[in-house]
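A.B. asks: Structure of the sequence below:
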Amino acid sequence: MNFSKYKKSIIACVLALGIGVGGGYYFFGNPITYQTTVREQTKQTKPITDTRNTYVVQAAKESGPAVVGITTQVFQKDIFNRTIYAGEGVGSGVLIDNDGHIVTNNHVVAGAKNGEVTVSLSNGSTVTGTVIGTDAQTDLAVVKIDPPKDIQPIKIGDSDSLQVGEPAIAIGNPLGLEFKGSVTSGVISALARTIDDQGQRFPLIQTDAAINPGNSGGALINADGELIGINSSKISKEGVEGMGFAIPINSAMTVVDSIIKNGKVVRPYIGVWAVDRQTAARNNVSYEGEGLLIVQLDANGPAAQAGLVEGDTIAQVDGKDISTLLELKEQIDAKSPGDTVLVSYTHNGKMKSTQLKLGQVSSN
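C.D. replies: Next up, the predicted model:
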């Protein structure tokens, strides 16, 4: 098959990293001021009734103090190539432990000057946070603050146990700190969603709990107040409502733990750029087979060293059928650098298998 003329457009597609995101909220120039009035909550004069004390109220009380605001100074180059202050980017984060580690989205802290951000705590105080590591491929980052005396980290839940239809609650700072700590509720609409089949690293949680710009990096919690996801994106199209997405916490914590330990994410590497049937069709490539069509290899990467070439089709990894790039990533990410996997592939119409030793790549 001669697909060299299509290679540039395909590679541009398959090299796209990260997750489709709704974006942090940016104030360019002077911050926008909304004409809103927020009154301090008065003390209860009588106990709340059972009717009002719903699971949303209880979960918000339990987890709300762990959700913080993150402000990043934004700088740009002017026409004379001088660095000038352009405004502020605002997003959300979640305090996950007593050591002061905060999980947020990579795009919330991207470009932070000197790796520093401003963290607004739920008690109204503001502290300086340090970005200790980021990972563009999963759109995750970790910020560290000196833990306050009244620190209240969130409880970590189990995203693998989620059921479609169960309650979901989003807490964050939509449209900036003016609306910090906003709580919205809904349900788990779907699991294992794919919204970016090339750049996405793992399946996402879909929810109809309202997620707006500024909610990025905030918490998606269950009815028990446990963290089940990191809010990351929404589909913003005219006529489309209630389609937000979160990174499952079980997948996120693997990345977060690596960042806390190493300052970066170390993951296994196979060294191929490949497309499935749907992606090939979008790029006008004639490919009707099953599996993943290899369009380019790292000449020094594990796959090339094992004998795979452009035009081969990856059919299985360790006996598991592979039909999408996300499935390949999941299989490889479940391993460690240096592990050996069995790759079954088609070469010139014939099925072959080879042992492939995984390489290593880091997030920075």
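A.B. asks: When you work out contacts or count neighbours from here on, use the C-alpha atoms and nothing else.
C.D. replies: Will do.
A.B. asks: Please confirm that residue 60 is located within a helix.
C.D. replies: Yes: under the criterion used here (DSSP: H, G, I helix; E, B strand; the rest coil), residue 60 sits inside a helix.
A.B. asks: Could I get the phi/psi values of the nearest residue to it once chain neighbours are set aside?
C.D. replies: Using C-alpha to C-alpha, 6 or more residues apart in numbering and skipping residues adjacent in sequence, the residue nearest residue 60 is residue 225, 6.8 Å away. Here is the backbone geometry of residue 225 (degrees, to the nearest 10): phi 80, psi 20.
A.B. asks: Residue 225: how many residues sit nearby?
C.D. replies: Residues lying near residue 225 (other C-alpha atoms under 10 Å) number 25.
A.B. asks: what's the answer for residue 143, then?
C.D. replies: Neighbourhood size, residue 143 [other C-alpha under 10 Å]: 27.
A.B. asks: go on, residue 258?
C.D. replies: Neighbour count of residue 258, defined by other C-alpha under 10 Å: 15.
A.B. asks: That one contacts residue 267, doesn't it?
C.D. replies: No: Residue 258 lies out of contact with residue 267 (C-alpha atoms under 8 Å); the separation is 9.5 Å.
A.B. asks: Residue 330: what secondary structure?
C.D. replies: helix.
A.B. asks: where exactly do the strands run in the stretch 101-250 of the chain?
C.D. replies: All strands of the stretch 101-250 of the chain, identified by DSSP state E, counting those that start in this stretch, fall at 101-104, 116-120, 126-135, 140-144, 155-156, 167-172, 182-193, 204-207, 219-221, 226-234, 244-248.
A.B. asks: model confidence over the second one, on average?
C.D. replies: What strand 116-120 shows for mean pLDDT is 91.
A.B. asks: which helices and strands sit right next to that strand?
C.D. replies: Here strand 116-120 touches strand 67-77, strand 126-135, going by 3 or more C-alpha pairs under 8 Å, 6 or more residues apart in numbering; DSSP states H and E.
A.B. asks: ok, 10 Å please
C.D. replies: Secondary-structure packing of strand 116-120 (3 or more C-alpha pairs under 10 Å, 6 or more residues apart in numbering; DSSP states H and E): strand 67-77, strand 83-95, helix 106-109, strand 126-135, strand 140-144.
A.B. asks: Distance to residue 342 for the strands of the stretch 101-250 of the chain - can I get that in CSV?
C.D. replies: Listed next are the strands of the stretch 101-250 of the chain as CSV, based on distance: least, C-alpha to C-alpha, whole Å:
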stretch, distance to residue 342
strand 101-104, 35
strand 116-120, 44
strand 126-135, 28
strand 140-144, 30
strand 155-156, 35
strand 167-172, 39
strand 182-193, 25
strand 204-207, 27
strand 219-221, 37
strand 226-234, 32
strand 244-248, 28
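A.B. asks: hmm, back to that, the residue nearest to residue 60 and residue 67 touch, don't they?
C.D. replies: No: Residue 225 is beyond contact range of residue 67, at 12.0 Å (criterion: C-alpha atoms under 10 Å).
A.B. asks: Overlap of the contact sets of these two?
C.D. replies: Residues touching both residue 225 and residue 67 (C-alpha atoms under 10 Å, 6 or more residues apart in numbering): 154, 219.
A.B. asks: ranges for the helices of the stretch 201-350 of the chain?
C.D. replies: 249-262, 277-282, 302-305, 325-333 (DSSP state H, counting those that start in this stretch).
A.B. asks: mean pLDDT for those helices: which is lowest?
C.D. replies: Among the helices of the stretch 201-350 of the chain, helix 277-282 carries the lowest mean pLDDT, a mean of 74.
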